[in-house]
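Engineer: my questions concern the predicted model and sequence given below.
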Amino acid sequence: MAKDEAKASDYSKGLLKSEELYKYILETSVYPREPEPLKELRNITHNHPRAGMATAPDAGQLMEMLLNLVNAKKTIEVGVFTGYSLLLTALTLPEDGKVIAIDVNRDSYEIGLPVIKKAGVEHKIDFRESEALPALDELLNDKGNEGGFDFAFVDADKVNYSNYHERLMRLIKVGGIIVYDNTLWGGSVAEPESDTPEWRREVKNATLELNKKLSADQRVQISHAALGDGITICRRLY
Ligand SMILES: C[S@@+](CC[C@H](N)C(=O)[O-])C[C@H]1O[C@@H](n2cnc3c(N)ncnc32)[C@H](O)[C@@H]1O
């Protein structure tokens, strides 16, 4: 199989009406423009038993554009795994840009680290092995960090997204962007309770709550996009 041919597992996150359509998007618009280091990291991650956790490449492509649109220089990432979205961020930031990357698990970050080093962008990454809540609170302890970030990407434990939102709303500047991943949770948000297996329900309910909260939050402009597993883009208005 050619390196850029979409693999069966690439479709699992797609919320489109057919796998063919998702394959078409990936092969026409995403893979041909995906930087080489990201391809390499995606291929390494493909063999990981939890490969499905990596950010979908089509969502990544939009994220790259958003980073560019806000001229992001200082960003926060919550949930790194092997580093697909982190490497994408580091490649997009200017030479003097910085991403604070938070994850409880350093081991998976180290799987992608050789690719990050080879790409020459490790100096832009401040990796913090920590639970996200205390790490964000630590950032907030320094008043100078309030409104000090241009962009945040949240892709960790879904049940805490509401808590992350309140902290990130203080850390992100007015006009800055927060992106939440998995806000359609495999499509389960729109299915009857009885169709959702027990193990998915806690996150489904947390996602339903988050989506209502973001919709009602007048401090942000939002776009709930059916990309990857669903992403919600929030732009801080005040
Ligand atoms: C879906 S993966 C992130 C995928 C990543 N964005 C990528 O592109 O590959 C979720 C990550 O969140 C981390 N995580 C889960 N709960 C966390 C928490 N409470 N605080 C910090 N990280 C957490 C996990 O260790 C895991 O690496």
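Structural biologist: In hand now; what should we look at?

Engineer: tell me the residues on this structure that lie near the ligand, please.
Structural biologist: With the criterion set to Cβ under 6 Å from any ligand atom, the chain comes near the ligand through 53-55, 79-82, 84-85, 102-105, 108, 131-132, 155-157. Yep, even glycine has a C-beta here, placed from its N, CA and C like the rest.

Engineer: so among those, which ones count as buried?
Structural biologist: Burial by neighbour count, 16 or more other Cβ atoms under 10 Å: within those this picks out 53-55, 79-82, 84-85, 102-103, 108, 132, 155-157.

Engineer: sheet partners, orientation included, of the strand ranked longest in the chain?
Structural biologist: For the chain, the strand with the greatest residue count under DSSP state E is strand 172-181. Paired strands of strand 172-181, with direction, are strand 149-154 (parallel), strand 231-236 (antiparallel) (DSSP bridges).

Engineer: ok, then the element right after that strand?
Structural biologist: Next helix or strand after strand 172-181 toward the C-terminus (DSSP states H and E): helix 198-216.

Engineer: ok now the very next helix or strand once past that following helix, how far from the chain's centre?
Structural biologist: On the C-terminal side of helix 198-216, the nearest following helix or strand under DSSP H and E is strand 220-225. From the chain centre to the centre of strand 220-225 is a distance of 15 Å (Cα atoms, centre = their mean, to the nearest Å).

Engineer: what's in contact with strand 220-225?
Structural biologist: The contact list for strand 220-225 (Cβ atoms under 8 Å, 6 or more residues apart in numbering) reads 62, 169, 178, 183, 211, 214-215, 230-237.

Engineer: what is the nearest of those residues to Asn141?
Structural biologist: Met169 (16.4 Å; Cβ to Cβ).

Engineer: could you say which helix or strand holds that closest one?
Structural biologist: For Met169, the element it lies in under DSSP H and E is helix 161-171.

Engineer: what inclination does that helix have with respect to strand 172-181?
Structural biologist: Our comparison of helix 161-171 with strand 172-181, counting by axes from the mean of the first three to the mean of the last three Cα atoms, to 10 degrees, yields an angle of 150 degrees.

Engineer: helices or strands up against helix 161-171?
Structural biologist: With contacts taken as 3 or more Cβ pairs under 8 Å, 6 or more residues apart in numbering; DSSP states H and E, helix 161-171 sits against strand 74-78, helix 132-141, strand 149-154, strand 172-181, helix 198-216.

Engineer: measure Ala72 to Met53 for me?
Structural biologist: Plainly put, Ala72 is 23 Å away from Met53 if you go by Cβ to Cβ, to the nearest Å.

Engineer: excluding its backbone neighbours, what's nearest Thr82?
Structural biologist: In space, and not counting its chain neighbours, Thr82 is closest to Gly112: 4.1 Å by Cβ to Cβ, 6 or more residues apart in numbering.

Engineer: so for the nearest residue to Leu210 once chain neighbours are set aside, what's the pLDDT?
Structural biologist: Nearest residue to Leu210 in three dimensions, chain neighbours excluded: Tyr161, at 4.8 Å (Cβ to Cβ, 6+ apart). Looking at Tyr161, its pLDDT stands at 97.

Engineer: who's in contact with Tyr161?
Structural biologist: 154, 180, 206-207, 210.

Engineer: mind putting the residues you listed in a markdown table, neighbour count and distance to Asp142 included?
Structural biologist: A markdown table is the format used below for these (neighbours: other Cβ atoms under 10 Å; distance: Cβ to Cβ, whole Å):
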| residue | neighbour count | distance to Asp142 |
| --- | --- | --- |
| Val154 | 27 | 20 |
| Tyr180 | 26 | 24 |
| Ala206 | 17 | 29 |
| Thr207 | 24 | 31 |
| Leu210 | 24 | 27 |
